[in-house]
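1. Next input, structure requested:
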Amino acid sequence: MTKKTFDLNQHTFALLRGEPFFAALSRRITKMATTAIPTAGVKLNEKTTQFEMVYNPEFMGSLSDTHVRGVLKHEFYHIIYEHVTGRLPSEGMNIMWNIATDLAINTHIADELPAQACVPGRDKFEKYPLGLSAEAYYKMLKEDEQFKKDPQQGDGDGEGSPSDGQGGGGNGLPDSLDDHSGWGEASDDTKQMAKERLRQAVADAAKEANSRGSWGSVSSAMRKQIMDMINPRVDWRKVLRYFIKTSQRSNKRSTVRKINKRFPYIHSGKKVTRQAKIAISIDQSGSVSDKMLAAFFAELSSLAKYAEFTVVPFDTEVGEEYVYVWKKGKKVTWDRVMCGGTCFDAPTKWVNQRNFDGHIVLTDMCAPKPVPSKCQRMWMTDQQGKDSQYFTTNERVIVIESEI
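-> I've put the predicted structure just below:
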């Protein structure tokens, strides 16, 4: 009797019926059959900076349909969690980290995996709780008496090494379900590029899942983690500081107090001062909260030493009589002075007609896209404004955290 050839395409296609998110993500990941590994795994191709899934057809063919689906999701989760491109412990790659990453993933898909999978609450991990991070499981493994050996033990290239998922290295740990070789070995530039491509692939998959109204078996907690990965939280204060400092320009003036290095005591020296002229356009609509304005102005107070701020209140037009310059050392408090609608063309045209190095717009983002800015422009809003912005832009849109 001829042995049936394993066809992975049938299983990835089956994801469409019940797992819209994983089905969409699967289409964006290259998959290759190989006999070089005993089970399955994911890796980063340095040449293409793309993530790849590799699998042994004989192993996959020995599994039930449910377990094949579980292995696929397990590998995709390794990519989503960035286990392939980073997140290594200080000791480097080792079998305990292999197991810890598997435990973190398998807590979400325990009922879909074959018996050899490492699952919290099962076999040697019976006392391990569900729902922890890889780092938390790693700490537990290192403190577990049944695994009290050097976490580096067995981390080699020989037969049964933990890096290839074929053995526990003699320290009592079970085999890892899949192959973890090559994790974290790519250059930093390659990993960063791969992360950006991954973020886009996950974002596209999430968009498809949302359009279908279902993420399948992805829990609400996991969905939040995925969305946080797509839209990583940034420190808006650091971004604001960076924007202002990079807007600084050089001014040179002659001074006899500074010695000219090329022609000492013949020509006067040059004193270089750096300053930035930044326009701060403040949306006057009521949906821009006083809390966000207060947090923003408090941060500007600490940055006034780097720049000269011109505060520009606006609604459908610029309130010329309310514009003022906020210079170094001046203490400023915020007052709402207008109450109309919102038009971003008004402050943009006002700034374009003057000599500014940068333009920051504090707003709820609820107005049509404005004309281009002649200087670099950045938008600052709250999370609601970011989620409901009227237009798309390549310019930076930074969220001032609501808890501030």
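2. so which strand or helix has the spatially closest residue to residue 15 that is not a sequence neighbour?
-> Counting by C-beta to C-beta, 6 or more residues apart in numbering, residue 15 lies nearest to residue 23, which is 3.8 Å off, once chain neighbours are set aside. All C-beta spots, glycine's among them, are computed from the backbone N, C-alpha and C. In the assignment (DSSP states H and E), residue 23 maps to helix 20-26.
3. which helices and strands does that helix pack with?
-> Helix 20-26 is packed against helix 8-18, helix 65-80, helix 188-212, with contacts defined by 3 or more C-beta pairs under 8 Å, 6 or more residues apart in numbering; DSSP states H and E.
4. Deepest in the core, which of those helices is it.
-> The highest mean neighbour count among the helices and strands packed on helix 20-26 belongs to helix 65-80 (a mean of 22), with neighbours defined as mean count of other C-beta atoms under 10 Å.
5. Run the angle between that one and helix 8-18 for me.
-> For helix 65-80 against helix 8-18, the angle by axes from the mean of the first three to the mean of the last three C-alpha atoms, to 10 degrees is 90 degrees.
6. Run through who's touching helix 65-80.
-> If you take C-beta atoms under 8 Å, 6 or more residues apart in numbering as the criterion, helix 65-80 is touched by 11-12, 14-15, 19, 22, 25-26, 29, 39-42, 51, 53, 55, 60, 63, 84, 101-102, 105-106, 108-109, 112-114, 117, 177-178, 198, 202, 226, 229.
7. Now do that helix: distance to the chain's middle.
-> Offset of helix 65-80 from its chain centre (C-alpha atoms, centre = their mean, to the nearest Å): 22 Å.
8. again with stretch 124-133
-> Relative to where its chain is centred, stretch 124-133 has its mean C-alpha point 27 Å off (C-alpha atoms, centre = their mean).
9. got it, and stretch 196-205?
-> Relative to where its chain is centred, stretch 196-205 has its mean C-alpha point 10 Å off (C-alpha atoms, centre = their mean).
10. just to revisit the earlier point, can you mark which positions in the helix holding residue 23 are buried?
-> Neighbour-count burial for helix 20-26, counted by 16 or more other C-beta atoms under 10 Å, picks out 20-26.
11. In this structure, what helix or strand scores lowest on average pLDDT?
-> The helix or strand of the chain with the lowest confidence, counting by mean pLDDT, DSSP states H and E, is strand 249-259 at a mean of 52.
12. As a check, name the ranges of all strands in the stretch 151-300 of the chain.
-> 249-259, 268-275, 277-283 (DSSP state E, counting those that start in this stretch).
13. still on that earlier bit, mind putting the helices and strands packed on helix 20-26 in CSV, distance to residue 182 included?
-> Written out in CSV, the entries for those read as follows (distance: least, C-beta to C-beta, whole Å):
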stretch, distance to residue 182
helix 8-18, 21
helix 65-80, 12
helix 188-212, 12
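14. Just send those back as TSV, with mean pLDDT too.
-> Formatted as TSV, the helices and strands packed on helix 20-26 follow (pLDDT from 0 to 100):
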stretch	mean pLDDT
helix 8-18	89
helix 65-80	93
helix 188-212	84
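15. Could you say which one of those comes nearest to residue 222?
-> Nearest of the helices and strands packed on helix 20-26 to residue 222, taken as C-beta to C-beta: helix 65-80 at 8.7 Å.
16. Now do the closest one against helix 188-212, angle only.
-> Calculated by the same axes, to 10 degrees, helix 65-80 forms an angle of 130 degrees with helix 188-212.
17. just to revisit the earlier point, residue 88: which of the helices and strands packed on helix 20-26 is closest?
-> Of all those, it is helix 188-212 that lies closest to residue 88, at 11.2 Å by C-beta to C-beta.
18. Among the buried residues of helix 20-26, which one lies nearest to residue 331?
-> residue 21 (50.6 Å).
19. who's in contact with the nearest residue to the closest one once chain neighbours are set aside?
-> By the measure of C-beta to C-beta, 6+ apart, the closest residue to residue 21 outside its immediate chain neighbours is residue 209, 4.0 Å from it. Residues in contact with residue 209 (C-beta under 8 Å, 6+ apart) are 20-21, 24, 215-216, 218.
20. And the furthest pair within those residues?
-> Put simply, by C-beta to C-beta the two of the contacts of residue 209 set farthest apart are 24 and 218, 11.4 Å from each other.
21. hang on, the earlier thing: does the residue nearest to residue 15 touch residue 9 like I think?
-> No. Using C-beta atoms under 8 Å, residue 23 and residue 9 do not qualify as a contacting pair, with a distance of 11.9 Å.
22. pLDDT below threshold where in this structure?
-> Judged by pLDDT under 70, the chain has its weakly predicted residues at 1-4, 149-171, 184, 232-234, 248-274, 328-329, 333, 402-404.
23. Would you map out the domains in it?
-> In terms of domains, the chain is parsed into 8-230, 236-399 (source: automatic domain parsing).
24. ranges for the helices of the stretch 51-200 of the chain?
-> With DSSP state H, counting those that start in this stretch as the criterion, the stretch 51-200 of the chain has helices at 57-61, 65-80, 95-106, 134-143, 188-212.
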